[in-house]
Each structure stands twice: as C-alpha cells, then as structure tokens.
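Chemist: My questions are about this predicted structure, shown below with the sequence.
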Amino acid sequence: MQQIGIFGGTFDPIHWGHLLLAQTALNQVPLEKVIWVPSLNPPHKKAILFEHRWQMLKLATGENPAFTVSRIEAKHSGTSYAINTLMDLSSCYSNTHWYSIVGLDTFRTLPRWYRGHEVAQMCDWLIAPRLLGGETIAQSELICKQVEQQLTYQSLTIHWQLLNIPLVGISSSLVRKLCRENQSIRYLVPESVRSYITTHSLYSAKSE
C-alpha cells in the first residue's frame, strides 16, 4: 500500500515555509509523494484567482519529482471542502494510505469542519507545530491531544503526529503585506514565484 500526503490550502502565495513543511513530511513518514491541492473556493478565506495560485505552485514545486500539484478542486463549483477532495483523490489513487498535512491552527478546528468526523478518520494527520507567539512543542502536543479527546468522546479514532520542522517565521499574510507596502519578498518565496508575482502585479496596493 502506497503512502501519499495531501497538502491542501489556499497557498496565497506559496512560500518557503510550505515547501519545508512538505519536504519534512516526505522524510519523516516517509511518503511516496505529496499532492498539493490549492483550494478553489476556501470556506473561510478570500484568495486571488485559482489560476494564479496554481501556476505559482507549479513553479515552486516543479524541481521536486515527489511533489504533484492537483487541479482536482477546480472541477467543483461552490465552497471547497476537505471531504470532497479526499473522496475525489481516493477514486484516482487506489490502495493508498492517506496523510493530511496541516498546520496546528487548522487541525484544532477539525471537529468543526463540514463532515469533519468523517474526514478525521479517512487519513492520518501530520501537523506543523505553531512555535510563533512563544508556544512550545509541548503546548502544540497538548492542543492536538485536546482535539483527539473531543473526537474520542464521539467514539472516533484519529491518528496524528507532529512534524519535526524547524521554526520558520514566514506566512502568506506576511508576503502579501510586504507586497502591498512595495517591500522586497526575496528569500521568502522561491525566485520563480517572486518573478511571477512581480510580472502579474499580484498583492500590490493597486491590484486591490
């Protein structure tokens, strides 16, 4: 049985922290591949056009043969939900054990997701600890155990592990903020992504 990671998100834009997280998951489990799944219409966020985000993902991940970028969410109209993505991918990849790669802040909301109780058991969870704001690994573990306990109360079993990822204080919101302020984002994103953002005038004050 093959082991494949799903890394879903808005990726608005993708940055080095995302890439480091995916590579850590590849090494730690280990996984055969990571499928990057940009959300078409994320339920709780506004994002720039799907095509721009998809193109930047392709540019950023193209040199790694273990990374694949999926357009599977572009097939659906309406809000993007994890349950639909997992079911669609499962129909494309048989005999697969799935791992979902998420940040701690996303994982802690899992019990409130649309059909979250089903999603929780469809894959194992690889979680990036949140070390910003002074939180420790122990605190990240405690939050994960609290999520597990919430699901256990409802007779659900979930398998998770924290990823041993170095602390990288980069976020998509920081990249967008710097773009709006006309400041450099060099070394925060791959150079190919930086060039794409510049060429298409993405995230600038004028574009908004």
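Modeler: That came through, no problem. Numbers count the residues shown, from 1 in each chain.
Chemist: Flag the shaky bits of the chain, pLDDT-wise.
Modeler: 43-44, 131-135, 206-208 (pLDDT under 70).
Chemist: residues in contact with residue 31?
Modeler: 3, 4, 5, 25, 66, 99 (Cβ atoms under 8 Å, 6 or more residues apart in numbering). The way it works is simple: take the backbone N, C-alpha and C, and place the C-beta from them, glycine included.
Chemist: Could you single out the nearest of those residues to residue 50?
Modeler: residue 5 (21.2 Å; Cβ to Cβ).
Chemist: Check the contact between the closest one and residue 27; I expect there is one.
Modeler: No: judged on Cβ atoms under 8 Å, residue 5 makes no contact with residue 27 at a distance of 11.1 Å.
Chemist: Can I get the helix ranked longest in the chain as PDB, trimmed to CA atoms?
Modeler: Counting residues, the longest helix found in the chain (DSSP state H) is helix 137-152. The C-alpha coordinates for helix 137-152 follow below in PDB (Å, rounded to 0.1, in the frame of the first residue of the first chain):
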ATOM      1  CA  ILE A 137       6.200  21.800  21.200                       C
ATOM      2  CA  ALA A 138       4.600  20.600  24.500                       C
ATOM      3  CA  GLN A 139       1.800  23.200  24.100                       C
ATOM      4  CA  SER A 140       1.300  22.100  20.500                       C
ATOM      5  CA  GLU A 141       1.100  18.400  21.600                       C
ATOM      6  CA  LEU A 142      -1.500  19.400  24.200                       C
ATOM      7  CA  ILE A 143      -3.700  21.100  21.600                       C
ATOM      8  CA  CYS A 144      -3.500  18.000  19.400                       C
ATOM      9  CA  LYS A 145      -4.500  15.800  22.300                       C
ATOM     10  CA  GLN A 146      -7.400  18.100  23.100                       C
ATOM     11  CA  VAL A 147      -8.700  17.600  19.500                       C
ATOM     12  CA  GLU A 148      -8.200  13.900  19.800                       C
ATOM     13  CA  GLN A 149     -10.100  13.900  23.100                       C
ATOM     14  CA  GLN A 150     -13.000  15.800  21.500                       C
ATOM     15  CA  LEU A 151     -13.300  13.200  18.800                       C
ATOM     16  CA  THR A 152     -12.800  10.300  21.200                       C
END
